[in-house]
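**Student:** Output the structure for:
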Amino acid sequence: MHSRLALVLDVPRLMTDRLVLRGWTAPDRDAFAAMNVDPEVMRFFPAVQSRAESHAMVDRIQASFESDGCGLWALERRDDGAFVGFTGLLRVGDGLPVSGEVEVGWRLTRSAWGQGLATEAARAALRYGFETGGLHDVMSMTAQINVPSRRVMERLGMVRDRSADFDHPRLLADSPLRRHVVYRISRSRWAQPLAQPSTGCHARGAVQAVALDDRHRFSKPAREAIRLVAGIGVEGDAHAGATVQHRSRKRWHPEAPNLRQVHLLHAELLDQLRPAYDVAPGDLGENLLTRGVDLLDLPAGARLHVGDTALVEVMGLRNPCVQLDRFARGLMEATLDREADGKLVRRAGVMGVVLVGGDVRPGDSVGVELPPGEHRPLGPV
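**Tutor:** Model prediction:
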(Lines give C-alpha, C1' and ligand atoms only; values in the text may rest on other atoms or scores of the structure.)
Protein backbone atom coordinates (compact mmCIF):
# COMPACT_ATOMS: atom_id res chain seq x y z
CA MET A 1 0.00 0.00 0.00
CA HIS A 2 1.25 3.46 -0.81
CA SER A 3 2.03 5.53 2.27
CA ARG A 4 0.17 8.46 0.74
CA LEU A 5 -2.66 8.54 -1.77
CA ALA A 6 -1.45 10.23 -4.92
CA LEU A 7 -3.96 13.09 -4.92
CA VAL A 8 -3.39 16.75 -5.69
CA LEU A 9 -3.86 19.10 -2.77
CA ASP A 10 -6.99 20.63 -4.31
CA VAL A 11 -9.83 18.31 -3.45
CA PRO A 12 -10.73 16.46 -6.67
CA ARG A 13 -14.31 16.76 -7.88
CA LEU A 14 -15.95 13.48 -8.90
CA MET A 15 -19.25 12.93 -10.67
CA THR A 16 -21.62 9.96 -10.73
CA ASP A 17 -25.02 9.59 -12.37
CA ARG A 18 -26.77 11.23 -9.42
CA LEU A 19 -24.09 12.74 -7.21
CA VAL A 20 -21.21 15.18 -7.03
CA LEU A 21 -18.33 14.30 -4.68
CA ARG A 22 -16.66 17.61 -3.83
CA GLY A 23 -14.84 19.63 -1.22
CA TRP A 24 -16.69 20.98 1.80
CA THR A 25 -18.30 24.43 1.86
CA ALA A 26 -19.40 26.64 4.74
CA PRO A 27 -23.14 25.81 4.29
CA ASP A 28 -22.30 22.09 4.51
CA ARG A 29 -21.29 22.52 8.14
CA ASP A 30 -24.80 23.36 9.33
CA ALA A 31 -26.37 20.61 7.24
CA PHE A 32 -23.81 18.12 8.56
CA ALA A 33 -24.40 19.19 12.16
CA ALA A 34 -28.16 18.71 11.73
CA MET A 35 -27.56 15.27 10.28
CA ASN A 36 -25.31 14.24 13.17
CA VAL A 37 -27.93 14.91 15.85
CA ASP A 38 -30.40 12.56 14.15
CA PRO A 39 -30.50 9.43 16.34
CA GLU A 40 -31.43 7.26 13.34
CA VAL A 41 -28.44 8.42 11.33
CA MET A 42 -26.19 7.83 14.35
CA ARG A 43 -27.74 4.59 15.62
CA PHE A 44 -24.58 2.57 14.89
CA PHE A 45 -22.33 5.12 16.59
CA PRO A 46 -21.86 5.47 20.36
CA ALA A 47 -23.76 8.78 20.49
CA VAL A 48 -25.01 11.67 18.42
CA GLN A 49 -22.52 14.46 17.78
CA SER A 50 -22.80 17.97 19.17
CA ARG A 51 -22.50 20.93 16.83
CA ALA A 52 -18.94 21.53 18.02
CA GLU A 53 -17.99 17.88 17.48
CA SER A 54 -19.51 17.94 14.01
CA HIS A 55 -17.59 21.09 13.03
CA ALA A 56 -14.38 19.61 14.41
CA MET A 57 -14.90 16.52 12.25
CA VAL A 58 -15.21 18.69 9.13
CA ASP A 59 -11.95 20.42 10.11
CA ARG A 60 -10.21 17.03 10.37
CA ILE A 61 -11.63 15.93 7.02
CA GLN A 62 -10.38 19.04 5.27
CA ALA A 63 -6.96 18.73 6.89
CA SER A 64 -6.65 15.07 5.87
CA PHE A 65 -6.76 15.89 2.15
CA GLU A 66 -3.70 18.11 2.59
CA SER A 67 -1.76 16.07 5.14
CA ASP A 68 -2.46 12.54 3.90
CA GLY A 69 -3.73 13.00 0.38
CA CYS A 70 -7.11 11.42 1.02
CA GLY A 71 -10.32 12.34 2.78
CA LEU A 72 -14.10 12.32 2.82
CA TRP A 73 -15.92 14.11 0.03
CA ALA A 74 -19.11 16.05 0.71
CA LEU A 75 -21.98 14.56 -1.29
CA GLU A 76 -24.31 16.76 -3.32
CA ARG A 77 -27.30 15.64 -5.37
CA ARG A 78 -26.88 16.65 -9.00
CA ASP A 79 -30.58 17.34 -9.55
CA ASP A 80 -31.17 19.83 -6.71
CA GLY A 81 -27.74 20.58 -5.20
CA ALA A 82 -28.77 19.26 -1.76
CA PHE A 83 -26.09 18.13 0.70
CA VAL A 84 -26.73 14.46 1.59
CA GLY A 85 -23.67 13.41 3.61
CA PHE A 86 -20.16 12.18 2.89
CA THR A 87 -18.27 9.33 1.24
CA GLY A 88 -14.57 8.86 0.76
CA LEU A 89 -11.21 7.44 1.72
CA LEU A 90 -9.58 8.09 5.06
CA ARG A 91 -6.56 6.64 6.80
CA VAL A 92 -7.52 4.90 10.04
CA GLY A 93 -6.14 6.64 13.12
CA ASP A 94 -4.08 5.20 15.93
CA GLY A 95 -5.30 2.76 18.55
CA LEU A 96 -7.06 0.18 16.39
CA PRO A 97 -5.82 -3.12 14.92
CA VAL A 98 -6.32 -1.65 11.42
CA SER A 99 -4.58 1.66 12.15
CA GLY A 100 -2.74 3.07 9.15
CA GLU A 101 -4.90 1.36 6.55
CA VAL A 102 -7.06 3.31 4.10
CA GLU A 103 -10.78 2.93 4.76
CA VAL A 104 -13.70 3.67 2.47
CA GLY A 105 -16.57 5.08 4.50
CA TRP A 106 -19.91 6.88 4.18
CA ARG A 107 -22.64 8.59 6.19
CA LEU A 108 -25.83 9.82 4.55
CA THR A 109 -28.87 11.79 5.64
CA ARG A 110 -31.98 9.77 6.32
CA SER A 111 -33.71 11.27 3.26
CA ALA A 112 -31.01 9.68 1.06
CA TRP A 113 -31.38 6.14 2.38
CA GLY A 114 -32.67 3.22 0.35
CA GLN A 115 -31.69 4.67 -3.04
CA GLY A 116 -28.28 3.08 -3.58
CA LEU A 117 -26.52 6.43 -3.19
CA ALA A 118 -23.95 5.18 -0.65
CA THR A 119 -22.92 2.39 -3.01
CA GLU A 120 -22.83 4.72 -6.01
CA ALA A 121 -20.63 7.24 -4.21
CA ALA A 122 -18.35 4.65 -2.63
CA ARG A 123 -17.75 3.05 -6.03
CA ALA A 124 -16.59 6.42 -7.33
CA ALA A 125 -14.27 6.81 -4.32
CA LEU A 126 -12.79 3.35 -4.82
CA ARG A 127 -12.32 3.94 -8.52
CA TYR A 128 -10.42 7.13 -7.80
CA GLY A 129 -8.33 5.47 -5.11
CA PHE A 130 -7.32 2.52 -7.27
CA GLU A 131 -7.11 4.10 -10.72
CA THR A 132 -5.76 7.57 -9.84
CA GLY A 133 -4.50 7.35 -6.28
CA GLY A 134 -2.43 4.20 -6.78
CA LEU A 135 -3.83 2.30 -3.80
CA HIS A 136 -3.33 -1.46 -3.65
CA ASP A 137 -5.88 -2.28 -0.94
CA VAL A 138 -8.83 -0.60 0.77
CA MET A 139 -10.74 -1.79 3.82
CA SER A 140 -13.96 -0.87 5.55
CA MET A 141 -15.17 -1.57 9.07
CA THR A 142 -18.35 -1.22 11.07
CA ALA A 143 -20.16 -2.61 14.07
CA GLN A 144 -21.14 -6.21 13.50
CA ILE A 145 -24.83 -5.36 13.92
CA ASN A 146 -24.70 -2.65 11.24
CA VAL A 147 -26.25 -4.78 8.52
CA PRO A 148 -27.08 -1.86 6.15
CA SER A 149 -23.43 -0.79 5.91
CA ARG A 150 -22.27 -4.37 5.57
CA ARG A 151 -24.63 -4.79 2.63
CA VAL A 152 -23.04 -1.74 0.97
CA MET A 153 -19.62 -3.33 1.45
CA GLU A 154 -20.84 -6.52 -0.18
CA ARG A 155 -22.35 -4.60 -3.11
CA LEU A 156 -18.94 -2.99 -3.62
CA GLY A 157 -17.40 -6.44 -3.99
CA MET A 158 -15.60 -6.27 -0.66
CA VAL A 159 -14.93 -9.52 1.19
CA ARG A 160 -15.11 -9.96 4.92
CA ASP A 161 -11.77 -10.65 6.59
CA ARG A 162 -12.90 -12.59 9.65
CA SER A 163 -9.34 -12.82 10.92
CA ALA A 164 -9.29 -9.02 11.26
CA ASP A 165 -12.57 -8.62 13.21
CA PHE A 166 -11.97 -6.93 16.56
CA ASP A 167 -13.53 -5.51 19.71
CA HIS A 168 -13.38 -1.73 19.55
CA PRO A 169 -11.11 -0.64 22.43
CA ARG A 170 -12.98 2.64 22.97
CA LEU A 171 -16.34 0.98 23.55
CA LEU A 172 -17.55 -0.68 26.76
CA ALA A 173 -17.46 -4.46 26.95
CA ASP A 174 -21.26 -4.68 27.08
CA SER A 175 -21.86 -2.28 24.18
CA PRO A 176 -23.74 -3.94 21.27
CA LEU A 177 -21.49 -1.89 18.97
CA ARG A 178 -18.20 -3.15 20.38
CA ARG A 179 -17.64 -6.08 18.02
CA HIS A 180 -16.44 -4.74 14.66
CA VAL A 181 -16.19 -6.54 11.33
CA VAL A 182 -13.63 -5.79 8.63
CA TYR A 183 -14.11 -6.03 4.85
CA ARG A 184 -11.41 -5.64 2.21
CA ILE A 185 -10.97 -5.20 -1.52
CA SER A 186 -7.76 -5.17 -3.55
CA ARG A 187 -6.96 -3.27 -6.71
CA SER A 188 -6.77 -6.54 -8.68
CA ARG A 189 -10.18 -7.64 -7.41
CA TRP A 190 -11.65 -4.21 -8.21
CA ALA A 191 -10.23 -4.47 -11.73
CA GLN A 192 -11.86 -7.82 -12.50
CA PRO A 193 -14.02 -7.13 -15.55
CA LEU A 194 -17.74 -7.83 -15.53
CA ALA A 195 -19.77 -8.38 -18.65
CA GLN A 196 -21.90 -5.48 -19.81
CA PRO A 197 -25.61 -5.53 -18.98
CA SER A 198 -28.48 -6.02 -21.35
CA THR A 199 -29.84 -2.82 -22.87
CA GLY A 200 -32.14 -0.91 -20.55
CA CYS A 201 -31.04 -2.62 -17.35
CA HIS A 202 -30.25 -0.69 -14.20
CA ALA A 203 -27.36 -2.75 -12.80
CA ARG A 204 -24.73 -5.14 -14.02
CA GLY A 205 -23.16 -8.35 -12.92
CA ALA A 206 -22.00 -11.68 -14.25
CA VAL A 207 -22.61 -15.40 -13.93
CA GLN A 208 -19.71 -17.03 -12.10
CA ALA A 209 -20.90 -20.67 -12.20
CA VAL A 210 -23.91 -22.78 -13.18
CA ALA A 211 -25.12 -26.09 -11.75
CA LEU A 212 -27.92 -28.63 -11.95
CA ASP A 213 -28.79 -32.06 -10.57
CA ASP A 214 -31.48 -34.44 -11.81
CA ARG A 215 -31.91 -35.84 -8.30
CA HIS A 216 -33.20 -34.20 -5.10
CA ARG A 217 -29.85 -33.70 -3.40
CA PHE A 218 -28.72 -30.66 -1.48
CA SER A 219 -25.63 -29.85 -3.55
CA LYS A 220 -25.55 -29.66 -7.34
CA PRO A 221 -22.55 -30.42 -9.58
CA ALA A 222 -21.19 -27.47 -11.54
CA ARG A 223 -21.69 -27.59 -15.31
CA GLU A 224 -20.20 -25.93 -18.37
CA ALA A 225 -23.65 -24.64 -19.30
CA ILE A 226 -27.32 -24.99 -18.38
CA ARG A 227 -30.51 -24.32 -20.34
CA LEU A 228 -33.36 -22.30 -18.88
CA VAL A 229 -36.84 -23.20 -20.16
CA ALA A 230 -39.71 -20.71 -19.93
CA GLY A 231 -42.27 -21.67 -17.27
CA ILE A 232 -40.25 -24.73 -16.25
CA GLY A 233 -36.83 -23.81 -14.88
CA VAL A 234 -33.47 -25.48 -15.49
CA GLU A 235 -33.74 -28.24 -18.06
CA GLY A 236 -32.87 -31.59 -16.45
CA ASP A 237 -32.90 -30.28 -12.88
CA ALA A 238 -34.94 -32.07 -10.21
CA HIS A 239 -36.75 -28.82 -9.37
CA ALA A 240 -37.83 -28.04 -12.93
CA GLY A 241 -41.56 -27.98 -13.56
CA ALA A 242 -44.60 -25.74 -13.88
CA THR A 243 -45.94 -26.92 -10.51
CA VAL A 244 -44.09 -27.15 -7.23
CA GLN A 245 -41.24 -29.69 -7.22
CA HIS A 246 -39.66 -29.27 -3.80
CA ARG A 247 -40.63 -32.49 -2.07
CA SER A 248 -41.80 -31.08 1.26
CA ARG A 249 -44.13 -28.64 -0.50
CA LYS A 250 -45.27 -31.05 -3.20
CA ARG A 251 -46.55 -33.42 -0.53
CA TRP A 252 -49.09 -30.87 0.70
CA HIS A 253 -49.79 -28.69 -2.36
CA PRO A 254 -48.93 -30.73 -5.48
CA GLU A 255 -50.81 -28.37 -7.84
CA ALA A 256 -49.32 -25.15 -6.52
CA PRO A 257 -47.34 -23.11 -9.08
CA ASN A 258 -43.59 -23.56 -8.98
CA LEU A 259 -42.16 -20.25 -7.77
CA ARG A 260 -38.77 -21.82 -7.09
CA GLN A 261 -37.71 -22.88 -10.59
CA VAL A 262 -34.26 -21.31 -10.36
CA HIS A 263 -32.11 -20.79 -7.27
CA LEU A 264 -29.69 -17.86 -7.58
CA LEU A 265 -26.90 -17.22 -5.09
CA HIS A 266 -24.44 -14.33 -4.85
CA ALA A 267 -20.77 -15.41 -4.94
CA GLU A 268 -20.03 -12.73 -2.35
CA LEU A 269 -21.71 -14.99 0.24
CA LEU A 270 -19.28 -17.83 -0.50
CA ASP A 271 -16.42 -15.32 -0.12
CA GLN A 272 -17.71 -14.43 3.34
CA LEU A 273 -18.20 -18.04 4.43
CA ARG A 274 -14.65 -19.02 3.55
CA PRO A 275 -12.32 -20.05 5.14
CA ALA A 276 -14.60 -21.07 8.01
CA TYR A 277 -16.53 -23.30 5.59
CA ASP A 278 -15.25 -25.19 2.56
CA VAL A 279 -17.91 -24.14 0.04
CA ALA A 280 -17.61 -24.30 -3.73
CA PRO A 281 -20.01 -23.38 -6.56
CA GLY A 282 -23.06 -25.66 -6.44
CA ASP A 283 -22.44 -26.80 -2.86
CA LEU A 284 -25.36 -24.77 -1.49
CA GLY A 285 -27.74 -26.05 -4.16
CA GLU A 286 -27.84 -22.98 -6.39
CA ASN A 287 -28.34 -23.14 -10.16
CA LEU A 288 -26.80 -19.73 -10.88
CA LEU A 289 -23.91 -18.25 -8.92
CA THR A 290 -23.70 -14.53 -9.69
CA ARG A 291 -21.25 -11.78 -8.84
CA GLY A 292 -21.84 -8.05 -8.78
CA VAL A 293 -25.63 -8.19 -8.34
CA ASP A 294 -27.14 -7.48 -4.92
CA LEU A 295 -29.71 -10.26 -5.15
CA LEU A 296 -30.97 -9.83 -1.59
CA ASP A 297 -31.76 -6.15 -2.11
CA LEU A 298 -33.85 -6.67 -5.24
CA PRO A 299 -37.55 -5.83 -4.97
CA ALA A 300 -40.24 -8.39 -5.67
CA GLY A 301 -40.82 -8.66 -9.41
CA ALA A 302 -37.32 -7.61 -10.44
CA ARG A 303 -36.23 -9.27 -13.68
CA LEU A 304 -32.76 -10.58 -14.45
CA HIS A 305 -31.56 -10.58 -18.05
CA VAL A 306 -29.08 -13.45 -18.17
CA GLY A 307 -26.81 -14.13 -21.13
CA ASP A 308 -28.10 -13.47 -24.64
CA THR A 309 -31.80 -14.27 -24.21
CA ALA A 310 -32.81 -15.67 -20.78
CA LEU A 311 -35.11 -13.68 -18.52
CA VAL A 312 -35.78 -14.66 -14.88
CA GLU A 313 -38.28 -12.98 -12.57
CA VAL A 314 -37.28 -12.91 -8.90
CA MET A 315 -40.05 -14.28 -6.67
CA GLY A 316 -38.55 -14.23 -3.18
CA LEU A 317 -35.82 -15.20 -0.76
CA ARG A 318 -34.62 -18.72 -0.21
CA ASN A 319 -35.47 -19.76 3.33
CA PRO A 320 -32.36 -21.37 4.89
CA CYS A 321 -33.15 -24.85 6.17
CA VAL A 322 -31.59 -27.62 8.26
CA GLN A 323 -29.94 -29.11 5.16
CA LEU A 324 -27.33 -26.37 5.46
CA ASP A 325 -26.27 -27.75 8.86
CA ARG A 326 -26.21 -31.26 7.45
CA PHE A 327 -23.72 -30.03 4.89
CA ALA A 328 -21.59 -28.27 7.53
CA ARG A 329 -22.32 -27.68 11.19
CA GLY A 330 -23.28 -24.07 11.88
CA LEU A 331 -23.76 -23.18 8.22
CA MET A 332 -27.45 -22.35 8.59
CA GLU A 333 -26.72 -19.75 11.26
CA ALA A 334 -23.90 -18.36 9.12
CA THR A 335 -26.39 -17.60 6.34
CA LEU A 336 -28.70 -15.72 8.69
CA ASP A 337 -28.29 -12.26 10.18
CA ARG A 338 -30.37 -9.74 12.07
CA GLU A 339 -31.07 -6.07 11.61
CA ALA A 340 -30.58 -3.77 14.58
CA ASP A 341 -34.32 -4.10 15.35
CA GLY A 342 -34.04 -7.89 15.45
CA LYS A 343 -35.56 -8.52 12.02
CA LEU A 344 -34.24 -11.73 10.47
CA VAL A 345 -32.08 -11.35 7.34
CA ARG A 346 -31.97 -14.40 5.06
CA ARG A 347 -28.77 -14.46 2.99
CA ALA A 348 -29.01 -17.83 1.19
CA GLY A 349 -30.00 -16.41 -2.19
CA VAL A 350 -33.22 -15.88 -4.09
CA MET A 351 -35.70 -17.95 -6.08
CA GLY A 352 -37.05 -17.09 -9.52
CA VAL A 353 -39.16 -18.29 -12.42
CA VAL A 354 -38.08 -18.38 -16.07
CA LEU A 355 -39.98 -16.01 -18.36
CA VAL A 356 -37.77 -16.43 -21.42
CA GLY A 357 -35.45 -19.38 -21.92
CA GLY A 358 -31.89 -19.61 -23.12
CA ASP A 359 -28.50 -21.18 -22.56
CA VAL A 360 -26.44 -19.78 -19.67
CA ARG A 361 -22.70 -20.17 -19.10
CA PRO A 362 -20.13 -18.79 -16.66
CA GLY A 363 -19.11 -15.30 -17.77
CA ASP A 364 -22.54 -14.40 -19.15
CA SER A 365 -23.85 -10.98 -18.24
CA VAL A 366 -26.59 -10.37 -15.67
CA GLY A 367 -28.65 -7.21 -16.03
CA VAL A 368 -31.30 -6.04 -13.54
CA GLU A 369 -34.64 -4.64 -14.68
CA LEU A 370 -36.53 -3.07 -11.79
CA PRO A 371 -40.34 -3.23 -11.72
CA PRO A 372 -42.36 -0.02 -12.19
CA GLY A 373 -44.16 1.66 -9.33
CA GLU A 374 -43.60 1.22 -5.62
CA HIS A 375 -41.08 -1.50 -4.79
CA ARG A 376 -41.87 -4.26 -2.30
CA PRO A 377 -39.07 -6.03 -0.45
CA LEU A 378 -38.55 -9.74 -1.01
CA GLY A 379 -40.00 -12.22 1.44
CA PRO A 380 -39.30 -15.95 1.82
CA VAL A 381 -40.84 -18.13 -0.86
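
**Student:** H55 and A33 touch, don't they?
**Tutor:** Yes. Judged on Cβ atoms under 8 Å, H55 makes contact with A33 at a distance of 6.8 Å. Every C-beta, even on glycine, is put in place using the N, C-alpha and C of the backbone.

**Student:** Give me the more crowded residue out of the two.
**Tutor:** For the pair H55 and A33, the greater number of neighbours falls to A33 (18 against 15), based on other Cβ atoms under 10 Å.

**Student:** in a helix, that's where that one is, yeah?
**Tutor:** Yes. Counting by DSSP: H, G, I helix; E, B strand; the rest coil, A33 falls inside a helix.

**Student:** Correct me if wrong: it contacts R51.
**Tutor:** Yes. Judged on Cβ under 8 Å, A33 makes contact with R51 at a distance of 4.7 Å.

**Student:** Do I have it right that V366 meets R204?
**Tutor:** Yes. Here V366 reaches R204: they are 7.2 Å apart, a contact under Cβ under 8 Å.

**Student:** The two: which is more packed in?
**Tutor:** Each of V366 and R204 has its neighbours counted (other Cβ under 10 Å); V366 has more, 29 against 16.

**Student:** Contact partners for the more buried one?
**Tutor:** A195, P197, R204, G205, A206, V207, T290, G292, V293, L304, H305, V306 (Cβ atoms under 8 Å, 6 or more residues apart in numbering).

**Student:** Count residues in the vicinity of the last one, would you?
**Tutor:** Which is V306. 30.

**Student:** got it, and the fifth one?
**Tutor:** By the criterion of other Cβ under 10 Å, A206 has 22 neighbours.

**Student:** Use 17 as the first number from now on
**Tutor:** Shifting the count to begin at 17 puts that one at A222.

**Student:** Confirm that it sits in a helix.
**Tutor:** No. A222: not assigned to a helix; according to three-state DSSP it is strand.

**Student:** Distance check, it against R200.
**Tutor:** 21 Å (Cβ to Cβ, to the nearest Å).

**Student:** same question, the fourth one
**Tutor:** Separation of G221 from R200 (Cβ to Cβ): 20 Å.

**Student:** which residues touch W122?
**Tutor:** Going by Cβ under 8 Å, 6+ apart, W122 touches G101, F102, T103, G104, A134, A137, A138, S165, V168.

**Student:** Hmm, R126 and the first one touching each other?
**Tutor:** No. Between G101 and R126 there is no contact under Cβ under 8 Å: 9.7 Å.

**Student:** Counting neighbours, go ahead and name the busier of the two.
**Tutor:** Set side by side, G101 and R126 show more neighbours around G101, with 27 against 12, by other Cβ under 10 Å.

**Student:** Can you name the residues that contact that one?
**Tutor:** Contacts of G101 by Cβ under 8 Å, 6+ apart are F48, M51, A90, L91, W122, R123, L124, T125, A128.

**Student:** Just to check, M157 is in contact with R195?
**Tutor:** No. Using Cβ under 8 Å, M157 makes no contact with R195, being 10.9 Å away.

**Student:** excluding its backbone neighbours, what's nearest R276?
**Tutor:** In space, and not counting its chain neighbours, R276 is closest to M367: 4.3 Å by Cβ to Cβ, 6 or more residues apart in numbering.

**Student:** And the closest residue to L30 other than its chain neighbours, which helix or strand is it part of?
**Tutor:** Distance criterion Cβ to Cβ, 6+ apart; nearest residue to L30, sequence neighbours excluded, is L37 at 4.0 Å. According to DSSP states H and E, L37 maps onto strand 35-38.

**Student:** E119 too?
**Tutor:** Here E119 is assigned to strand 118-124, by DSSP H and E.

**Student:** Could you list the buried residues of that strand?
**Tutor:** V118, E119, V120, G121, W122, R123, L124 (16 or more other Cβ atoms under 10 Å).

**Student:** Just the pLDDT for S66.
**Tutor:** On pLDDT, S66 comes in at 96.

**Student:** I misspoke; the intended subject was L352.
**Tutor:** Looking at L352, its pLDDT reads 84.

**Student:** on that earlier part again, average pLDDT across the strand holding E119?
**Tutor:** 97.

**Student:** now swap in stretch 163-177 and tell me
**Tutor:** 85.

**Student:** Pull the residues that contact it.
**Tutor:** The contact list for stretch 163-177, computed with Cβ under 8 Å, 6+ apart, reads 60, 120, 122, 129, 134-135, 138-139, 142, 155-156, 158, 197-201, 205-206, 282, 284, 287-288, 307-308, 310, 312-313, 353-356, 361.

**Student:** Let's see which of those residues end up in strands.
**Tutor:** Secondary structure from DSSP state E places 120, 122, 155-156, 158, 197-201, 282, 307, 353-354, 361 of the contacts of stretch 163-177 in strands.

**Student:** Which secondary structure state is assigned to D229?
**Tutor:** Applying three-state DSSP: D229 is coil.

**Student:** Just to check, it is in contact with A254?
**Tutor:** Yes. The pair D229 / A254 is scored as a contact, 6.0 Å apart, by Cβ under 8 Å.

**Student:** Please identify which of the buried residues of strand 118-124 is nearest to D96.
**Tutor:** L124 (15.2 Å; Cβ to Cβ).

**Student:** in the sheet, who's paired with the closest one?
**Tutor:** L124 has these beta-bridge partners by DSSP bridges: G101.

**Student:** Who are the contact partners of it?
**Tutor:** L124 touches V57, L91, V100, G101, T103, L133, A134, counting by Cβ under 8 Å, 6+ apart.

**Student:** so the second one sits right up against V36, yeah?
**Tutor:** Read it as L91. Yes. Counting by Cβ under 8 Å, L91 touches V36, with 7.4 Å between them.

**Student:** about what we covered before: for beta bridges, what are the partners of the residue nearest to R276?
**Tutor:** Here M367, judged by DSSP bridges, has bridge partners H279, G332.
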